[in-house]
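In: Structure for the following, please:
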Amino acid sequence: MGPFSSRSAPAGTAAEASSPTERISPTLRVAATFLRVVFICLVVLITFIVSMPQNETIWTVYDTPLDVVRLLLGLAVCIWLAVQLFKGPIDAHGYRTWLYLGLVAIPFAVICLLAVW
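Out: Residues are numbered from 1 along each chain as shown. Model prediction:
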């Protein structure tokens, strides 16, 4: 038996625990996806607000080097988070994680958004 054999892993191993055929309830999928999207959008908004120039307008950002760095880093983070919106969880465990994380993290993100606004 080589590494490319067609025999499956023994019962009770990690391969069985994370099988892609595990059923995901539609309610879990919708709730977790909604909470995930709301959380990521809140983080994008917080990042956008924090990365804006502090004492100037967007048109005079090049006068201060730190504002340029802040703006470029904020733009990179916002783009990365926007990409993450389209990469959802692949298994039921990922959906459950986002469900629990979203219930705790969204109120915290709203508080942070109100604090930086």
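In: With adjacent residues omitted, what lies nearest to residue 31?
Out: Nearest residue to residue 31 in three dimensions, chain neighbours excluded: residue 99, at 5.7 Å (C-beta to C-beta, 6 or more residues apart in numbering). Every C-beta, even on glycine, is put in place using the N, C-alpha and C of the backbone.
In: For that neighbour, grab the count of nearby residues.
Out: For residue 99, the count of nearby residues is 19 (other C-beta atoms under 10 Å).
In: and the gap between it and residue 64?
Out: As for residue 99, its distance to residue 64 is 42 Å (criterion: C-beta to C-beta, to the nearest Å).
In: Could you do residue 92 as well?
Out: 48 Å.
In: Looking at these two, which has the bigger crowd around it?
Out: Remark: of residue 92 and residue 64, residue 92 carries more neighbours, 18 against 14, as counted by other C-beta under 10 Å.
In: For residue 41, which non-adjacent residue is spatially closest?
Out: The nearest residue in space to residue 41 (C-beta to C-beta, 6+ apart) is residue 85, at 7.8 Å.
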